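Peer 1: Prediction below, plus the sequence it came from.
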Amino acid sequence: MKQTPELDRIQELMQPGVISKDGFLGNDTRNLTDILADDQRIVTNLGFTHQELANAMEELTEVGKKAFGNPVLVRGFLEVTVDSSKGKMASPFGGLFDKENVVVVNKKTGESIRWTTLNIHMIRDHGFYEGKGSYFRVEPEDLVRVLELYVG
Amino acid sequence: MSVLITTSIITAIGVFLAALLTLAERFLLDYGICKITINGDKIYQVRGGNHLLGSLQEQDIFIPSACGGRGSCGLCKVKVLEGGGPLLPTETPYLTKEEIENHTRLACQVKVRNDIEILIPEELFSIREYEAKVVNFKDLTYDIKLISLQLKGDETIDFVAGQYVQLKIPVYGNIKEEVYRAYSIASPESNKKQIDLIIRRVPKGIATTYIFDYLKKGDTIFFNGPYGDFYLRDSQREIIYIAGGSGLAPIKSMLHKMIEEGIDRKATFFFGCVSGRDLYFVEEMKSFEEKLPNFKFIPALSNPNPEDNWLGETGLITEVVDRHISSDGDYEAYLCGSPGMINASIKVLRSKGIPEELIFYDKF
């Protein structure tokens, strides 16, 4: 799919070594517009919106960060650990975000998932989950499964 | 054969057009010498065509910037009163409505194409770039390092305890452009030949990956500074220091200052860690307690491991502060750590009646 010059510019900022060491695209060779369209389809098929997934991530992050690096049990089975650093992380879409790495372990299944505060913003405001193979890519299916999110 | 000829012709036309564009840019888009007027009275002559951030840097005027001028951090804000051209879409995400109204721009996005008039804080004129040698490299914890940078030649640096510098991270690995990252100075301000920085590894971070995996003792590195208005205020109030992780750095520098200047104000340093493996500089802090009779160091572990054999304070650092601080004291507070820790600490301190204007912290 052809993409706008604005998305071209943003995709340039997503390359390794521009904003972050490994970039935001992993080994994904698709255009940004295709990545966004494909993930939109996946999320819709799962029965969610980007906003709903971002809200679920933010809710856990907010609880976890109050513990300053200690694991917190949420909903009785999700262990949330938020590791915060000084400084800000720039978004390729614009804006600065706190450097917070979040790890959530589902204690029932042993599965885990990670994200950053920047992921939450990129998902909520731009429907961007990062490219395939990116260290911080959030797979929508994994998110729904590990957090045990249900439609409605 | 005809395919070959056609390809050659197209290639030749391409080369010709590229050369034409280069020449056009060089001669037709020559903006000549432009005048940058700063704060109404300082005038600099620069060659037009470059971005304001770089043009100022050539004049040894350093505007704080974390991304090295790529328009992705939004830190290099200056007020452009005249000659900056229209606001660009690359700037607007970083500017508030008020900033746009008062002519704030990103120096890395504004091109100097004509005479330009700007406003910057006066203190930025004292900021310089320094070349230094890494003379000490020490692991403080599993993810925190101390690095000592000795200035080359006769260079010296004047800074105030609590201020920070911006380390220039050179091109390395797949990193194609220089970036800058801010780190607080941990050493005494009396040592003008060497600064110590305390740096925590950020997973996948451009700067800390370089520092932890590439930089070594004996290497040369550049930094600029000093920056910031996080410094010990001159008063008689009791001091509360709160830090976590590498946030200990500026507090350590302030404690050196108290020792060197004989400041005997009552002071307590609350240092929050998760477990024993995150603790460092405990012995140094104990020695500060001996030198400063009114100083108390209170490290606290929020989740000590059995092998830590921890007998000290436990709980979140905010809970420990809450237990130790009274509601009727005459305090001022200095905080350094993650934004989450700072926000939570401010909440506790405010609940103890400490006014917001007496709570100081760095915003980077």
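Peer 2: That came through, no problem. Note that the structure is a prediction, hence the values are computed from the model and not measured.

Peer 1: quick one, what contacts the residue lying closest to residue B:344 once chain neighbours are set aside?
Peer 2: With sequence-adjacent residues excluded and distances taken as CB to CB, 6 or more residues apart in numbering or on different chains, residue B:344 is closest to residue B:318, at 4.8 Å. Quick note: C-beta positions are derived from backbone N, CA and C, even for glycine. Taking CB atoms under 8 Å, 6 or more residues apart in numbering or on different chains, we find residue B:318 in contact with B:341, B:344, B:345, B:347, B:348.

Peer 1: The third one touches residue B:317, doesn't it?
Peer 2: Yes: Residue B:345 is within contact range of residue B:317, at 7.2 Å (criterion: CB atoms under 8 Å).

Peer 1: Let's see which of the contacts of residue B:318 end up in strands.
Peer 2: Among the contacts of residue B:318, no member falls in strands (criterion: DSSP state E).

Peer 1: Which parts of the stretch 251-364 of chain B are strands?
Peer 2: B:267-273, B:295-301, B:313-314, B:331-336, B:359-361 (DSSP state E, counting those that start in this stretch).

Peer 1: Relative to chain A, which of the contacts of residue B:318 is nearest.
Peer 2: residue B:341 (5.8 Å; CB to the nearest CB).

Peer 1: Do you know the pLDDT at that closest one?
Peer 2: Per-residue pLDDT puts residue B:341 at 92.

Peer 1: same check, this time on residue B:287
Peer 2: pLDDT at residue B:287 comes out at 97.

Peer 1: Ok, the one 3 residues further on next?
Peer 2: Confidence per residue is given as pLDDT, and for residue B:290 that number is 97.

Peer 1: And for residue A:1?
Peer 2: 75.

Peer 1: Likewise for the one 10 residues further on?
Peer 2: pLDDT, the model's per-residue confidence, is 95 for residue A:11.

Peer 1: Name the nearest residue to it, sequence neighbours excluded.
Peer 2: residue A:32 (4.3 Å).

Peer 1: Spit out the contact partners of the one you found.
Peer 2: A:3, A:7, A:8, A:10, A:11, A:14, A:128.

Peer 1: Buried by neighbour count, from those residues: which ones?
Peer 2: Burial by neighbour count, 16 or more other CB atoms under 10 Å in any protein chain shown: within these this picks out A:3, A:7, A:10, A:11, A:14, A:128.

Peer 1: between those residues, which is closest to residue B:175?
Peer 2: residue A:14 (14.4 Å; CB to CB).

Peer 1: tell me which of the contacts of residue B:318 is nearest to residue A:76?
Peer 2: residue B:344 (24.4 Å).

Peer 1: could you pull out the strands for chain A?
Peer 2: A:72-74, A:78-90, A:96-106, A:112-116.

Peer 1: So residue B:122 versus residue A:86, what's the distance?
Peer 2: 26 Å (CB to CB, to the nearest Å).

Peer 1: Which of those two has more residues huddled nearby?
Peer 2: The neighbour comparison of residue B:122 against residue A:86 (other CB atoms under 10 Å in any protein chain shown) goes to residue A:86, with 27 against 10.

Peer 1: show me what contacts the more buried one?
Peer 2: A:99, B:200, B:245, B:246, B:247, B:336, B:337, B:338, B:339, B:362, B:364.

Peer 1: and the two most separated of the contacts of residue A:32?
Peer 2: Most distant of those, by CB to CB, are A:8 and A:128, 14.8 Å apart.

Peer 1: And the lowest mean pLDDT element among the helices and strands of chain A?
Peer 2: When each helix and strand of chain A is scored by mean pLDDT, DSSP states H and E, strand A:78-90 comes last, with a mean of 89.

Peer 1: Okay, the closest residue to residue B:296 other than its chain neighbours and chain A: tell me how far apart.
Peer 2: Spatial nearest neighbour of residue B:296, chain neighbours left out: residue B:268 (4.8 Å); criterion: CB to CB, 6+ apart. When distance is defined by CB to the nearest CB, to the nearest Å, residue B:268 is 19 Å away from chain A.

Peer 1: List the contacts of residue B:268.
Peer 2: With CB under 8 Å, 6+ apart, residue B:268 has these contacts: B:238, B:239, B:240, B:241, B:295, B:296, B:297, B:298, B:324.

Peer 1: Farthest pair within those?
Peer 2: Taking CB to CB as the measure, the contacts of residue B:268 have their most distant pair in B:238 and B:297, spaced 15.0 Å apart.

Peer 1: What is the burial count for residue 45?
Peer 2: All of this refers to chain A. There are 10 residues near residue A:45, going by other CB under 10 Å.

Peer 1: nope, chain B please
Peer 2: If we define neighbours as other CB under 10 Å, then residue B:45 has 10 of them.

Peer 1: go on, residue A:137?
Peer 2: 21.

Peer 1: now residue B:184: how far from residue B:73?
Peer 2: Separation of residue B:184 from residue B:73 (CB to CB): 18 Å.

Peer 1: okay, the two: which has more neighbours?
Peer 2: More crowded of residue B:184 and residue B:73, by other CB under 10 Å: residue B:184, with 31 against 23.

Peer 1: Can you tell me which residue is spatially central in chain A?
Peer 2: residue A:119 (3.2 Å; CA atoms, centre = their mean).

Peer 1: Wait, that one touches residue A:138, no?
Peer 2: Yes: with contact defined as CB under 8 Å, residue A:119 reaches residue A:138; the gap is 5.4 Å.

Peer 1: Which positions in chain A make contact with chain B?
Peer 2: By CB under 8 Å from any CB of the partner chain, the residues of chain A that approach chain B are A:6, A:9, A:13, A:16-22, A:65-71, A:82, A:84-88, A:90-96, A:98-101, A:135-136.

Peer 1: could you redo the last one with a cut-off of 6 Å?
Peer 2: Contact residues, chain A versus chain B (CB under 6 Å from any CB of the partner chain): A:13, A:16-17, A:19, A:21-22, A:65, A:68-70, A:84-85, A:90, A:94-96, A:98, A:135.

Peer 1: Make a PyMOL selection of the buried ones in those residues.
Peer 2: What follows is the PyMOL syntax for the buried subset of the residues of chain A next to chain B, where burial is set by 16+ other CB under 10 Å:
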select buried, chain A and resi 13+16+17+19+21+22+65+68+69+70+84+85+90+94+95+96+98
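
Peer 1: For the one residue in the stretch 51-200 of chain B that gets nearest to chain A, give me its contacts.
Peer 2: Per CB to the nearest CB, the residue of the stretch 51-200 of chain B with the smallest distance to chain A is residue B:93, at 2.7 Å. Going by CB atoms under 6 Å, 6 or more residues apart in numbering or on different chains, residue B:93 touches A:94, A:95.

Peer 1: With distance to residue B:356 as new columns, can the contacts of residue A:32 be given to me in JSON lines?
Peer 2: Listed next are those as JSON lines, based on distance: CB to CB, whole Å:
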{"residue": "A:3", "distance to residue B:356": "46"}
{"residue": "A:7", "distance to residue B:356": "42"}
{"residue": "A:8", "distance to residue B:356": "44"}
{"residue": "A:10", "distance to residue B:356": "37"}
{"residue": "A:11", "distance to residue B:356": "42"}
{"residue": "A:14", "distance to residue B:356": "38"}
{"residue": "A:128", "distance to residue B:356": "36"}
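
Peer 1: Which one of those residues is nearest to residue B:52?
Peer 2: residue A:10 (23.1 Å).

Peer 1: Skip the chain neighbours and tell me the closest residue to residue A:100.
Peer 2: residue A:117 (4.4 Å).
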